[in-house]
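In: below is the sequence, then the predicted model.
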Amino acid sequence: MHTRPAHPLRTTAIFVAAATLLCFGIASPVVFGALPEEFAGLIVPVAQLTPLLTALVLFFVLRSGRLSDVFALRWGRSWSGVGVSLAAVVAIGLLQLGAGLATGHTLSSPDAVLIAAAAVPVLLVMQSVFAVGEELGWRGWLVTQLREKPFWLIAGVSAAAWVIWHLPALPLIVGDGGWEPGAAYLLAIASWAPFMVALRLWSGSVWPAVIVHGALNSVRVFLTQSIASGEGVNWLVELAGCVLWLAAAAVLHSRIRSRDARRSEHAPVSAL
């Protein structure tokens, strides 16, 4: 059991600010040129640990319950959650691929596609491992703090927090491609957050969010960038992805509401 968080929005603001400052401190040597850009591949996985490290500090300060409950570490319905999340990544990725091909993207060579496909399982595992530090913070600890709030408020806070935290490391992620890749990336992660929150609440576990995070950075990239590609940012493809991810979150949230309603109907009535 865990206690009801006191002042959850204030605690959330402290968490986001501290995690973002810590991310900035880790990313800044490469961002400002103190270290060569080749170090970005080492810096980014370390920066991904900052939400978890910040959440652990607050957990031990606040002492709000058992660690396994506060961070949603129990397996719960994780197998179902993993299946749902991977199906969503593949379905939405294929729809984005189709939108790209319909608006000027060109197919990559078969050899290039096969090489990229062979790397997907390894990248999925690696990216899921890297995602643990983020997801135990964002969809583990943070969702627990906000669990008494309405779903879309939790989803909005999660999306805003995730976007803010990415800002210090954004140059390491998108490189020198200009403002459009950065804006498209931030818009994408904001649209993923509600689905990942719904997945956490539906499954009762943080682990499906970890897996879907890894899949977004591997399976989705393969479907939307390796099979076909075009010049610059295709905003139709990006906006289609955002709409589809928000729709997926709404569908999963409706399943949660239906489940909770059924539980309420079958709950024993206390005698007056």
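Out: It's in.
In: where are the low-confidence patches of the stretch 51-200 of the chain?
Out: Scanning the stretch 51-200 of the chain for pLDDT under 70 picks out no residues.
In: same thing but 80
Out: Per-residue confidence of the stretch 51-200 of the chain (counting by pLDDT under 80) places the weak regions at 64, 175-177.
In: quick one: residue 92 from residue 243, how far?
Out: Taking C-beta to C-beta, to the nearest Å as the criterion, residue 92 is separated from residue 243 by 10 Å. For glycine as for every other residue, the C-beta is placed from the backbone atoms N, C-alpha and C.
In: please, where are all the strands along the stretch 1-150 of the chain?
Out: In chain order, the stretch 1-150 of the chain shows strands spanning 106-107, with DSSP state E, counting those that start in this stretch as the criterion.
In: all helices of the stretch 101-250 of the chain, in order?
Out: With DSSP state H, counting those that start in this stretch, the ranges of helices along the stretch 101-250 of the chain come out as 110-135, 143-145, 151-166, 170-174, 179-203, 207-216, 219-221, 235-266.
In: deepest in the core, which of those is it.
Out: Each of those was assessed for mean neighbour count using mean count of other C-beta atoms under 10 Å. The highest is helix 207-216, with a mean of 26.
In: and the angle for it with helix 110-135?
Out: When axes from the mean of the first three to the mean of the last three C-alpha atoms, to 10 degrees is applied, the directions of helix 207-216 and helix 110-135 differ by 150 degrees.
In: what's the mean pLDDT across helix 207-216?
Out: Model confidence over helix 207-216 averages 97 on the pLDDT scale.
In: which residues touch the closest residue to residue 100 other than its chain neighbours?
Out: Of all residues not flanking residue 100 in the chain, residue 237 sits nearest, at 4.8 Å (C-beta to C-beta, 6 or more residues apart in numbering). Residues touching residue 237, when contacts are defined by C-beta atoms under 8 Å, 6 or more residues apart in numbering, comprise 96, 99-100, 103, 105, 224.
In: what's the closest of those residues to residue 199?
Out: Using C-beta to C-beta, residue 96 comes nearest to residue 199 of the contacts of residue 237, at 19.4 Å.
In: wouldn't the closest one be in contact with residue 241 here?
Out: Yes. With contacts defined as C-beta atoms under 8 Å, residue 96 counts as touching residue 241 at a distance of 5.0 Å.
In: and residue 31, how many neighbours?
Out: Residue crowding around residue 31 was assessed by other C-beta atoms under 10 Å; the count is 18.
In: I meant to write residue 13 there.
Out: Applying other C-beta under 10 Å, we find 13 other residues in the vicinity of residue 13.
In: same deal with residue 33?
Out: For residue 33, the neighbour count with other C-beta under 10 Å is 9.
In: residue 177 now?
Out: Using other C-beta under 10 Å, residue 177 has 12 neighbouring residues.
In: likewise for residue 176?
Out: For residue 176, the tally of surrounding residues (other C-beta under 10 Å) stands at 7.
In: what about it, distance to residue 170?
Out: Residue 176 sits 12 Å away from residue 170 when distances are taken as C-beta to C-beta.
In: go on, residue 227?
Out: From residue 227 to residue 170 the distance is 26 Å (C-beta to C-beta).
In: next: residue 215.
Out: Taking C-beta to C-beta as the measure, residue 215 falls 21 Å from residue 170.
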